[in-house]
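Student: Pasting the sequence and the predicted model now:
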Amino acid sequence: MGSTEKNIFLLAAFSAAFLLAGCLTTSKTFETALPYLENEPCPSCPKNPERLAITLAVNDIYCEDTACSCVRYIANRKYGELQKELREKYNIDLNLKYFMEPYDFDAAIATRKYDGAISKPWRVYAVPETSSYKRLLDISDPNGNRWLWGILIVDKGSKFKKLADLNGVNIAMGNKCAYEKHYSALKLLAKHAVKPGKITWKASCLESVGILLDGKVDAAAISNYALEASCVVDIAKKDDFRILAETEKIPLTSVMLDMRKVPMRDAERLRRALLAISNTEAEGKDFHGKFLAPTHWTPSRKAMEERGKK
Amino acid sequence: MKKTMAILTMITLVSLTAMAKKQAPIYKVDDSYKVQLGSTALYIAVDSKENIWGILRSGEVVGISPEGKEIKRFKPEMEGSPTTIAIDKKDNITVLSTKTEKKTFKYKGRSITRSVPVAAYYSIYDKAGKKIKDGEFKGVQSASAAHYAKDKLIIADVGQRSLIFYDLTAGKIKKKTNKGIRLCCGIFDFCVGPDDMIYVASLGAFKVQPFRPSGTTGHGFGQRGRTVNDFHGCCNPVSVAILPDKSIVTVEKDTTRVKVYDSKGKTAKLVEGIQELVKGCRHIPLAVDKKGNIYLASNKSTIIKCVKAH
């Protein structure tokens, strides 16, 4: 067996093992990342490869086609230059379908007609039909941050000074489709043995901050970026609040592929091409971010069990 | 036995009648109504003869008969840029405009330039296009929507994020309120119901927020969510109107949804046949006539009419 054939065999074995693992372990631990072996040559990246077409659904908080116009000064990512370079240099047609409304995105993902997605990972994995999705790459925000986390905030003048003060206090938290302000926030409270009073579940940071400003709750668990890169900027200033605690960090945005639809060699080819473009910064000024090898992340068992629940 | 049956039948009939009364009517797009304006309507209003009047991006005022024929077009003089239109009880047309200035702020070392409203103006015309009066609204920064209610002109001032109750005769603000108003994307619309209640499209709270004529807040409805009774998108609804039977019409952008709620705002029905009216975070002008027809303006310079389906 030649070295190229051996590599193809190894990658195929990897692929089969991960798919099997994905199917068998959805109720246990579920690794979302597709491992990346940086120093391994890409056996499926020939010099003149045939045309590869990949279609992804996009709900990217920093993309100007999927973000609210009120944060256009920060959410101004464009994929056009990247698509052009992929087509011209790598013979890859990356077709993107933009979804500004996350619920439409969820419904689109559930149809399984896309080869994958670009979004917050849990946005995809919260949809039960995505057990065969793997994170190919992560994408950093325009400031180089690759993490997403929840923050527990109170009004600047609040009497609550530390996390332990939130015992018995009414809190606004996110729904199950927002990992960082639901599962991560609950985990944080449990870790510190904080038992809040009434929890008000809200579908958006905008609503959670709104009821915090109205005094209907005393604290709110929101996404770390919400005070700068969401519609919250239109109703409040970052300085209006104090952050009492931060949750664990999880990947912010990922390129994910449905490995039942995309062969491993094609996934690897797309990944190498995106990393190469990102490393040479050839994606131009319009992308405002960087592709990164995916970090390890397994959603909690509870989260996986509750997938599909609103 | 017969008596019991009769009583039960009566109870059932009364219950069914009450349920029918509570339910929102079903609407659909009237495909036979085709109006092309030549420029995008920024705001539309209905006069006592049920003609539709629009202020266009081109700065023109256009009048459309209930049958969809153009009855008048004129270009009013104004300071700043046109923003909205209001019809008084004599069917005179008030054209409102806003003057903006470019302001620069810093975000993480970058300079961001934005247009900020600084002053609002009015000019009042009769239906023949003859000017009656004009001037500046003292103490008002912008006018994104306006409606007459008894002796006052109520103005949506997005600059101050307030509803302004303006006395045109005295040339001064009578009162203003911002309680319960949460805005986003520079969109601020409201309507005055048949009972003189004011309903604000509080898109930053995903709510329809009523105000009594005195300016105090009533009980609003709405939240972000997946169901037809909820509002979707990054911030919605963008406009609201009250039908003669007190059903409530709401309009959401990206993706466009037009819904008719029952008078309590509890259950909604989607208007059938609605296409995407705008792209991105844009206001969608809405007006209703006394017969209960719904009119919407699209960014393709058209007016869409919706009528009761049953």
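Tutor: Perfect, thanks for sending it.
Student: Would you map the helices across the chain?
Tutor: This is for chain A. A:3-24, A:80-90, A:102-110, A:121-125, A:183-191, A:205-213, A:226-229, A:264-279, A:301-305 (DSSP state H).
Student: wait, I meant chain B there
Tutor: Using DSSP H, the helices found in chain B span residues B:2-22.
Student: Residues of it that sit close to chain A?
Tutor: Neighbours of chain A within chain B, by Cβ under 8 Å from any Cβ of the partner chain: B:107-108, B:110, B:112, B:182-186, B:204-206, B:223-226, B:230, B:232-235, B:254-255, B:280-281. Placement of C-beta: from N, CA and C, glycine included.
Student: Could you identify the buried members of those?
Tutor: Buried members of those, counted by 16 or more other Cβ atoms under 10 Å in any protein chain shown: B:182-186, B:204-206, B:224-226, B:230, B:232-235, B:254-255, B:281.
Student: one step back: of the helices of chain A, give the one that comes closest to residue A:199.
Tutor: helix A:183-191 (8.9 Å; Cβ to Cβ).
Student: Let me know how buried residue A:36 is, in neighbour terms.
Tutor: 16 (other Cβ atoms under 10 Å in any protein chain shown).
Student: now swap in residue B:272 and tell me
Tutor: The number of residues near residue B:272, taken as other Cβ under 10 Å, comes to 12.
Student: Next: residue B:302.
Tutor: Residue B:302: 16 surrounding residues under other Cβ under 10 Å.
Student: mind listing what it touches?
Tutor: B:34, B:35, B:36, B:37 (Cβ atoms under 8 Å, 6 or more residues apart in numbering or on different chains).
Student: Residue A:308 touches residue A:125, doesn't it?
Tutor: No. With contact defined as Cβ atoms under 8 Å, residue A:308 does not count as touching residue A:125 (10.7 Å).
Student: out of these two, which sits in the busier spot?
Tutor: Higher neighbour count among residue A:308 and residue A:125: residue A:125, with 25 against 13, using other Cβ under 10 Å.
Student: Dead centre of chain A: give me the residue that sits there.
Tutor: In chain A, the centroid-proximal residue (Cα atoms, centre = their mean) is residue A:120; its distance is 1.9 Å.
Student: I'd like the distance between it and residue A:186.
Tutor: Distance of residue A:120 to residue A:186, computed by Cβ to Cβ, to the nearest Å: 18 Å.
Student: swap in residue A:162?
Tutor: When distance is defined by Cβ to Cβ, residue A:162 is 18 Å away from residue A:186.
Student: So those two - more neighbours on which side?
Tutor: residue A:186 (20 against 10).
Student: which parts of stretch A:254-262 are buried?
Tutor: Quick answer for stretch A:254-262 (16+ other Cβ under 10 Å): A:254, A:255, A:256, A:257, A:258, A:259, A:261, A:262.
Student: Neighbour count and pLDDT added to the contacts of residue B:302, as a markdown table?
Tutor: Converted to a markdown table, those look like this (neighbours: other Cβ atoms under 10 Å in any protein chain shown; pLDDT from 0 to 100):
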| residue | neighbour count | pLDDT |
| --- | --- | --- |
| B:34 | 11 | 89 |
| B:35 | 21 | 95 |
| B:36 | 11 | 95 |
| B:37 | 22 | 96 |
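Student: ok, those vs chain A, which is closest?
Tutor: Closest to chain A out of these is residue B:37 (23.5 Å), distances taken as Cβ to the nearest Cβ.
Student: ok, how many other residues are close to residue B:70?
Tutor: Residues lying near residue B:70 (other Cβ under 10 Å) number 13.
Student: The residue nearest to residue A:55 when sequence neighbours are not counted and chain B, how far apart?
Tutor: The shortest distance from residue A:55 to any non-neighbouring residue, by Cβ to Cβ, 6 or more residues apart in numbering or on different chains, is to residue A:95 (4.2 Å). According to Cβ to the nearest Cβ, to the nearest Å, residue A:95 and chain B sit 19 Å apart.
Student: Next, work out how far apart residue B:270 and residue B:26 are.
Tutor: Distance, residue B:270 to residue B:26, using Cβ to Cβ: 9 Å.
Student: Mind telling me which residue of the stretch 1-150 of chain B is nearest chain A?
Tutor: Per Cβ to the nearest Cβ, residue B:112 is where the stretch 1-150 of chain B lies closest to chain A, at 4.5 Å.
Student: next one: phi and psi at residue B:169?
Tutor: The phi and psi torsions at residue B:169 (degrees, to the nearest 10) take the values phi -70, psi -50.
Student: if I pick it, what's in contact with it?
Tutor: By Cβ under 8 Å, 6+ apart, the neighbours of residue B:169 are residue B:151.
Student: Output the set of residues of the stretch 201-310 of chain A in proximity to chain B.
Tutor: So far as Cβ under 8 Å from any Cβ goes, the stretch 201-310 of chain A lies against chain B at A:202, A:203, A:204, A:206, A:207, A:210, A:230, A:231, A:234, A:235, A:310.
Student: can you give me the strands in chain A?
Tutor: Taking DSSP state E to define them, one finds strands in chain A at A:52-59, A:92-98, A:116-119, A:133-139, A:147-148, A:150-155, A:171-174, A:199-202, A:219-223, A:241-246, A:250-251, A:253-258, A:291-292.
Student: Could you spell out the sheet neighbours of the fifth one, each with its direction?
Tutor: What that stands for is strand A:147-148. Applying DSSP bridges, strand A:147-148 is found paired with strand A:250-251 (antiparallel).
Student: do the longest one as well
Tutor: Looking at strand A:52-59 with DSSP bridges, its paired strands and their directions are strand A:92-98 (parallel), strand A:116-119 (parallel).
Student: Output the below-cut-off pLDDT ranges for the chain.
Tutor: Let's take chain A. Along chain A, the model assigns pLDDT under 70 to residues A:1-28, A:43-48, A:281-285, A:310.
Student: please go with chain B instead
Tutor: Looking at chain B by pLDDT under 70, you get B:1-22.
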